[in-house]
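Chemist: Got a sequence here, can you model it:
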Amino acid sequence: MTSRVLKTDQPAFLPMSMAEARALGIDRFDIILITGDAYVDHPSFGTALLGRVLQDAGFSVGVIAQPDWRSDADLQRLGTPRLFFSVSAGNVDSLVNAFTPNLKRRSSDVYSPGGRLLRPDRATLVYTDRVHALFPDTPVIIGGIEASLRRFAHYDYWSDSVRQSILADAPADLLVFGMGERQVVAIARRLAAGEAIASITDIPGTAHKLDLKIWRSMDHADYVVLPGYQEVKQDRHIYARAFAEHYREQDPIRGRSVAQPHPKTVIVQNPPAMPLTTDELDRVYELPYARAAHPSYTEPIPALEPVRFSVVSHRGCFGSCSFCALTHHQGRIIQSRSADSIVREVERMAAMPGFTGVVQDVGGPTANMYGIHCDQWESAGTCPDRRCIDCPALDRSHDEQVRLLRRLREIPGVKHVFIASGIRYDLIPPEDRDYLASICEHHVSGHLKVAPEHISERVCACMGKPSREVFDTFRERFEALQEGKTKRQYLVPYFISGHPGCRITDMIELAEYIRDTGLYTEQVQDFTPTPMSISTTIYHTGLDPFTLEEVYVPRDREKRIQRALIHYRDPKNYGLIREGLRAAGREDLIGSAWKCLIPARRRRR
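Modeler: Next up, the predicted model:
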């Protein structure tokens with residue numbers, strides 16, 4: 001990406017019809033973006049962000065949102081692009097979006113107008129198949145969360161099987177993984193210069209297919225060669241080892257190219273793209289987003305309102321939680337915007353219709369990682385043998401975030417600046433008594449989101465989360481700040497049930513902890529094995545991928561019991577809870593005593 005003076009003459013929305021295109025003087029698009037989401041021109045929506053970046057780079061861009069894949073008309077309505085089609089399932093994996101953790105189909109889709117169900121399962125594959133059939137000579141690039149996290153052979157929870165790389169199944173030319181600004185602009189420029197898509201195989205942050213015969217004739221010294229698809233499919237130990245091997249290469253500085261043979265092709269992943277610099281990140285988020293749904297929609301897009309007046313302050317997360325795949329997508333290196341850029345964005349928001357004075361969120365994957373930096377990241381990347389979150393050399397100062405938030409509060413028209421994306425309590429230095437007080441005073445609307453996820457020592461260790469003692473220390477500090485307040489605030493902790501390593505006894509321990517602390521427990525997630533996380537690998541293999549040690553994995557009815565135990569106050573769960581308590585030999589928690597989780601079953605007269 002290059003830096004230029006920001007344009008002011010860009011249209012309010014990317015065109016979704018040829019009538020809109022002709023009004024802008026466009027007869028043929030350079031690039032057409034196909035997405036499983038409704039088109040919302042907001043930087044939290046990947047299609048809008050990449051579309052604006054490509055437009056800013058000088059390319060004409062059209063959008064086909066949630067096409068009807070059962071007919072040709074929707075996919076043909078913008079014609080044939082000059083350079084390529086881009087296909088994404090949307091902001092969320094289409095199967096995560098369509099099914100609950102218990103594999104029950106959801107009744108609505110927050111990324112669709114009116115919450116209606118408009119996208120197919122495995123949307124990337126479905127759209128790509130249709131586009132390739134209709135436009136066989138036009139390059140097709142796939143990307144987004146669904147493609148990015150399925151770039152190698154992976155366990156698929158919804159079919160309970162190991163599937164090939166999505167690139168081996170899809171008739172696509174390239175796969176863009178991670179945050180794709182650098183990659184899509186580089187692809188567009190090289191195609192515009194006349195280069196054939198088949199020769200564009202060296203862009204960091206992309207994966208491509210290689211003919212088996214060519215692969216066999218090559219020197220593989222420069223590649224990390226993973227066990228092939230058939231091997232990882234048939235042997236859980238090999239699957240776990242393969243995951244650990246490609247996990248270690250997901251760093252833009254020290255990462256190497258990774259190859260995995262499949263029955264009909266070889267999937268080659270180049271090293272991840274370099275993170276955007278502060279200037280580049282500023283530019284991306286200061287493009288002229290309308291922060292609204294395309295005017296063709298007559299129904300609201302539910303996913304827009306919670307983020308409409310929110311601000312992305314940074315990217316990346318070095319927390320390395322086992323159940324999260326951010327290491328494979330945004331990476332561990334924190335990329336922070338400048339405070340000046342964020343101030344300008346909020347000033348523009350404050351002048352927009354509908355702004356009520358509330359900035360809904362200022363953050364990223366973890367709000368208080370803003371501004372945190374390690375000098376080694378730029379020269380050597382992240383350490384291969386340790387987690388940044390545990391590193392004593394990491395500067396944990398929150399001064400930059402505090403200064404930023406203070407400036408945002410002072411902007412005319414801004415009444416409140418909230419942090420809705422949550423904070424890592426284990427990043428707050430024990431000696432820093434002012435930071436938490438400032439956050440509670442100015443940036444918590446009533447509930448502060450935190451994510452201990454569990455309190456059992458062995459489960460926390462399996463999750464890659466800090467111990468119960470760390471959370472207890474934070475909780476006590478938070479509660480001390482509530483003393484004397486006429487309107488107190490509350491912690492909203494996120495907990496996960498059914499995670500690998502967790503037994504019913506661990507969930508009973510968590511339920512008793514909730515009982516004793518009086519914590520609010522609405523935010524509970526039954527563990528869902530999503531592609532390319534450490535926890536999913538453990539769920540599938542029963543092995544820690546880095547040590548190959550056996551790990552207990554709860555399944556089926558036990559997962560339901562574990563989920564019920566967190567919601568022990570709900571009478572609908574009494575049956576499952578009673579079953580779990582008896583199986584664990586904890587009948588002492590059934591009855592009318594103060595410590596009991598559920599009442600005894602009433603005898604019939």
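Chemist: how far away is Gly371 from Leu405?
Modeler: 11 Å (C-beta to C-beta, to the nearest Å). Backbone N, C-alpha and C define where each C-beta goes, glycine included.
Chemist: Sorry, wrong one. I was asking about Pro384.
Modeler: According to C-beta to C-beta, Pro384 and Leu405 sit 34 Å apart.
Chemist: Give me the more crowded residue out of those two.
Modeler: Leu405 (25 against 11; other C-beta atoms under 10 Å).
Chemist: got the buried residues for whatever helix or strand that one lives in?
Modeler: Assessed by DSSP states H and E, Leu405 sits inside helix 399-409. For helix 399-409, the buried set under the neighbour-count rule, 16 or more other C-beta atoms under 10 Å, comprises 400-402, 404-405, 408.
Chemist: And the strands in the stretch 101-250 of the chain, which stretches?
Modeler: Along the stretch 101-250 of the chain, counting by DSSP state E, counting those that start in this stretch, strands occupy 140-143, 154-156, 161-163, 174-176, 206-210, 223-225.
Chemist: okay if I get the ones you listed as JSON lines plus mean neighbour count?
Modeler: Formatted as JSON lines, those follow (neighbours: other C-beta atoms under 10 Å):
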{"stretch": "strand 140-143", "mean neighbour count": "27"}
{"stretch": "strand 154-156", "mean neighbour count": "22"}
{"stretch": "strand 161-163", "mean neighbour count": "15"}
{"stretch": "strand 174-176", "mean neighbour count": "26"}
{"stretch": "strand 206-210", "mean neighbour count": "23"}
{"stretch": "strand 223-225", "mean neighbour count": "17"}
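Chemist: Select, out of the ones you listed, the one closest to Leu78.
Modeler: strand 140-143 (14.5 Å; C-beta to C-beta).
Chemist: Not counting its own residues, what contacts the closest one?
Modeler: 50, 84-88, 124, 128, 131-132, 166-167, 170-177, 180, 183-184, 187 (C-beta atoms under 8 Å, 6 or more residues apart in numbering).
Chemist: Name the strands paired with that strand and say parallel or antiparallel.
Modeler: The pairing partners recorded for strand 140-143 under DSSP bridges are strand 84-88 (parallel), strand 174-176 (parallel).
Chemist: how long is stretch 36-44 end to end?
Modeler: Using C-alpha to C-alpha, to the nearest Å, the end-to-end distance of stretch 36-44 comes to 15 Å.
Chemist: what pLDDT, on average, does that stretch get?
Modeler: For stretch 36-44, mean pLDDT is 97.
Chemist: Repeat that for stretch 232-241.
Modeler: 98.
Chemist: what's stretch 298-309 in contact with?
Modeler: Here stretch 298-309 has contacts from 37-38, 40, 42, 44, 91, 108, 110-116, 291-293, 349, 352, 354-355, 358-361, 420, using C-beta under 8 Å, 6+ apart.
Chemist: So which of these belong to helices?
Modeler: Residues of the contacts of stretch 298-309 located in helices (DSSP state H): Met349.
Chemist: what's the burial count for the closest residue to Trp158 other than its chain neighbours?
Modeler: Spatial nearest neighbour of Trp158, chain neighbours left out: Leu95 (4.8 Å); criterion: C-beta to C-beta, 6 or more residues apart in numbering. When neighbours are counted by other C-beta under 10 Å, Leu95 registers 20.
Chemist: List the contacts of Leu95.
Modeler: Residues counted as contacts of Leu95 (C-beta under 8 Å, 6+ apart) are 121-122, 157-158.
Chemist: Including pLDDT and distance to Asn102, could these go into a markdown table?
Modeler: Formatted as a markdown table, those follow (pLDDT from 0 to 100; distance: C-beta to C-beta, whole Å):
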| residue | pLDDT | distance to Asn102 |
| --- | --- | --- |
| Asp121 | 97 | 16 |
| Arg122 | 98 | 19 |
| Tyr157 | 97 | 11 |
| Trp158 | 97 | 12 |
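Chemist: List just the nearest of the residues you listed to Leu287.
Modeler: Arg122 (30.9 Å).
Chemist: Contacts only, for the closest one.
Modeler: 89, 94-95, 146.
Chemist: Excluding covalently adjacent residues, which one is nearest to Asp169?
Modeler: Asp169 sits nearest to Leu125 (C-beta to C-beta, 6+ apart), 5.9 Å away.
Chemist: where's that neighbour relative to Ser88, distance?
Modeler: Applying C-beta to C-beta, the value for Leu125 to Ser88 is 12 Å.
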